[in-house]
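In: I'd like to go over a predicted model; first the sequence, then the structure.
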Amino acid sequence: MAGVKEKHTVLTSDGAQDYILERKNVKNINLRVKPDCTIYVSAPNRVSVREIESFIRSRSRYIRRATEYFRTRPKTERTELKYVSGEKIKLLGTDVEIKVVQDTSEYSERDGSNLYIHVKDKDNEERRKKLFSAWLDEICREIFTEVMHDVYEKFSEYSLMFPQLKLRTMTSRWGSCHPYKKIITLNRRLIEAPRHCIEQVVAHEFCHFVHPDHSKDFYALLQRIYPEWRYSKAVLESLVVL
């Protein structure tokens, strides 16, 4: 029955592996290693457990790398920003410290490992937040556009139109796309992750311009364009908590 989750164990080259199987209305088998090292698999009803476990064994290298990564790097907990001096944000995987400066002009600028928020009233949290958000949008648009151009070159054989970029703060997705409208929407929080993680998401969305679904052809293209996509996806899900 769709939506029912079952716990199974499969014997792989790395020994017995427990995994959670959920039957869903999907076209292909999908595997994900969660930050708590749980192996989660979704698959259509028509696919047998034998086929699913064969698929899991074929992904042993990815499972090993992802679980090792999650076990050695503690998960980052998300905390709400107050936009005050001393707080730290992540930018491309590195720490940047906020410093609030009282000034007659209002703007935000980064200088090395510091982000200076210049504001007339240092006690006005709403104003600090707006100045920070305006800076963040500018940085996201600059870096995401640069990444999109780099990834776009890998799709030269498909003669695709360069898409429009939209920014959103999403709580469950890293990105989305509208193949027919030529739009890619990226989560602002991607800016917290290393560049290779952003590249993985962008490559994923560009693949949808060639294959709109998550078919075998889609994943074959993604594997060819960005072979390390599983590792980058695991790093992203470990570092940035939605």
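Out: That came through fine.
In: domain map for this structure?
Out: 5-72, 88-239 (automatic domain parsing).
In: show me where this protein has its helices.
Out: 49-58, 60-72, 125-152, 195-210, 216-225, 229-239 (DSSP state H).
In: deepest in the core, which of these is it.
Out: helix 195-210 (a mean of 22; mean count of other Cβ atoms under 10 Å). For glycine as for every other residue, the C-beta is placed from the backbone atoms N, C-alpha and C.
In: quick one, it and helix 229-239 angle?
Out: Per axes from the mean of the first three to the mean of the last three Cα atoms, to 10 degrees, the angle that helix 195-210 makes with helix 229-239 is 120 degrees.
In: other SSEs contacting helix 195-210?
Out: When contacts are defined as 3 or more Cβ pairs under 8 Å, 6 or more residues apart in numbering; DSSP states H and E, helix 195-210 packs onto helix 125-152, strand 175-178, strand 183-187, helix 216-225, helix 229-239.
In: just the CA atoms of that helix, as CSV, please.
Out: Extracted in CSV, the C-alpha atoms of helix 195-210 (Å, rounded to 0.1, in the frame of the first residue of the first chain):
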residue,chain,number,x,y,z
ARG,A,195,29.9,25.8,-4.0
HIS,A,196,29.9,22.2,-5.1
CYS,A,197,26.6,21.7,-3.3
ILE,A,198,25.1,24.6,-5.1
GLU,A,199,26.4,23.2,-8.4
GLN,A,200,24.7,19.9,-7.7
VAL,A,201,21.3,21.5,-7.2
VAL,A,202,21.7,23.6,-10.3
ALA,A,203,22.8,20.6,-12.4
HIS,A,204,19.8,18.7,-11.1
GLU,A,205,17.4,21.5,-12.2
PHE,A,206,19.1,21.9,-15.6
CYS,A,207,18.7,18.2,-16.2
HIS,A,208,14.9,18.8,-16.0
PHE,A,209,15.1,21.0,-19.1
VAL,A,210,16.1,17.8,-20.9
